[in-house]
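Trainee: Kindly return the folded structure for what I paste below:
(one chain, ligands or ions: 1)
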Amino acid sequence: MRSSRSDPDSPSTLNFRGSLSHPYWQRGLLRHPEQLKRLKDDPAFIQTAVEELLRYDSPVQRTARITNTEVEVDSRKIAKGSMVVAAIGAANRDPAHFSDPDRLDITRRDNRHVAFGFGIHFCLGAPLARVEGQIALGTAS
Ligand code: HEM
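Mentor: The predicted model follows:
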């Protein structure tokens, strides 16, 4: 899979688009006017709203790794040197992890999504992106 700065799906483009463009953050809200109204009525929900929008409409939908050893996932062996794609967007809608996952709920608590990845490569810009999102929603809602 080739990726470059001009590729609209490249991680750098997605990060830039996800963190800095207000419409992307707000897409979920525009499709759910009742949630937008709730946020307008009570801006105290801005923090949980940002986390929920990251979960519900994850700007980075997938990432990939190459296995450096044979691994076993759910009794299935994956050979060394295989490319494994992690579907971040799907994980963030996992019904085993989130109640009513396809519902946008800006008041959702215990929202342990993986929109910024997980583990050693966890997004370095996450705190900045979160603040930007909160400012974007706060000034627009
Ligand atoms: C909403 C905005 C953003 C989202 C959803 C996002 C998402 C992600 C994800 C999922 C990863 C992990 C990729 C992987 O494991 O393969 C990642 C890594 C990274 N992000 Fe972000 N990101 C955002 C904004 C930013 C910003 C604003 C910066 C910098 C100012 C940034 C810098 C980085 C860097 C440097 C890494 C690589 C970390 C590593 O490999 O150790 N991100 N991001």
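
Trainee: C-alpha from now on. contacts and neighbour counts both.
Mentor: Noted.

Trainee: what residues does this structure put near the ligand?
Mentor: 15, 18-19, 59-60, 63, 115-117, 121-126, 128-129 (CA under 6 Å from any ligand atom).

Trainee: Which of these fall in strands?
Mentor: Judged by DSSP state E, those include residue 63 as members of strands.

Trainee: if you count residues, which helix in this structure comes out on top?
Mentor: Scanning the chain for the helix with the most residues, using DSSP state H, yields helix 126-140.

Trainee: how about it: buried residues?
Mentor: Residues of helix 126-140 classed as buried: 129-130, 132-138 (neighbour count, 16 or more other CA atoms under 10 Å).

Trainee: Just the closest of these to residue 111, please.
Mentor: residue 130 (13.9 Å; CA to CA).

Trainee: what about that closest one, distance to residue 99?
Mentor: As judged by CA to CA, to the nearest Å, residue 130 and residue 99 stand 23 Å apart.

Trainee: So which bits of the helix or strand hosting residue 36 are buried?
Mentor: Take DSSP states H and E as the rule and residue 36 turns out to sit in helix 33-41. Residues of helix 33-41 classed as buried by neighbour count (16+ other CA under 10 Å): 35-36, 39-40.

Trainee: just checking, what packs against the next helix or strand after it?
Mentor: For helix 33-41, the succeeding helix or strand toward the C-terminus, using DSSP H and E, is helix 46-56. With contacts defined as 3 or more CA pairs under 8 Å, 6 or more residues apart in numbering; DSSP states H and E, helix 46-56 has these neighbours: helix 22-31, helix 126-140.
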